[in-house]
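Visitor: Sequence first, then the predicted structure:
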Amino acid sequence: SQTIHQWPATLVQPVGSPLSLECTVEGTSNPNLYWYRQAAGRGLQLLFYSVGIGQISSEVPQNLSASRPQDRQFILSSKKLLLSDSGFYLCAWNRGTNQPQHFGDGTRLSIL
Amino acid sequence: DQQVKQNSPSLSVQEGRISILNCDYTNSMFDYFLWYKKYPAEGPTFLISISSIKDKNEDGRFTVFLNKSAKHLSLHIVPSQPGDSAVYFCAASPFGNEKLTFGTGTRLTIIP
């Protein structure tokens, strides 16, 4: 069966510090991968998605970037965090279009 | 512009009764719809989906109804159980598109 791992579960970072969140999927190959953010009291906002190694699509202009160095690894990064980057970050995968996305347990990011 | 709307932020239902969660959308290009359930501090869990060629899909206690002319879908849970207490999100995408647009969620509370 397929599993998705995200870490860390919680993270507290000072403003201006760098960020690296990692997501890996097991039990499948060539998945589509996604990064979402959920702000307090809001729905899930798609940040990035990838249909293959090195292929990244960005949905909203922001202070974040994403990379896919391996088939089942997706990384969310920032060089300098802003207060507005606080939120709940979720990684997801699916087998392709018109297939359900399956989510990891998320990372709660707090910026001080 | 909120293309997927869940106008009820919360809903309380007696255990054993039917829970009905509603979702409206504005983008006529959407033709694949999903419902997710989310517990606190966890990622959303996929429940059920429906494509626009159908108007109903059932999976156990969960049924999703789609009214394309009204751009409305609903999730019925029968009978409601205490473990159904969670936040429910609807999501939609155009056919052949990787990107899901989520609603803001409805918090369902099942009263024992």
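Guide: Good, I have the coordinates. Numbering: from 1, shown residues only, chains lettered A, B, ... in the order given.

Visitor: How many residues are close by residue A:10?
Guide: When neighbours are counted by other C-beta atoms under 10 Å in any protein chain shown, residue A:10 registers 12. No exception for glycine: its C-beta is placed from N, CA and C like everyone else's.

Visitor: quick one, what contacts it?
Guide: A:107, A:108, A:109, A:110 (C-beta atoms under 8 Å, 6 or more residues apart in numbering or on different chains).

Visitor: Please tell me how far it sits from residue A:41.
Guide: Counting by C-beta to C-beta, to the nearest Å, the gap from residue A:10 to residue A:41 is 19 Å.

Visitor: so who does residue B:5 touch?
Guide: Contacts of residue B:5 by C-beta under 8 Å, 6+ apart are B:23, B:24, B:25, B:26, B:103, B:104.

Visitor: of the contacts of residue A:10, buried ones?
Guide: Among the contacts of residue A:10, those classed as buried by 16 or more other C-beta atoms under 10 Å in any protein chain shown are A:107, A:109.

Visitor: so which of the contacts of residue A:10 are also by chain B?
Guide: If you filter those for contact with chain B, counting by C-beta under 8 Å from any C-beta of the partner chain, you are left with residue A:108.

Visitor: Could you find the closest non-adjacent residue to the single nearest residue of chain A relative to chain B?
Guide: Closest to chain B within chain A is residue A:103: 3.3 Å, counting by C-beta to the nearest C-beta. Computed as C-beta to C-beta, 6 or more residues apart in numbering or on different chains, the closest residue to residue A:103 that is not its neighbour in sequence is residue B:43, at 3.3 Å.
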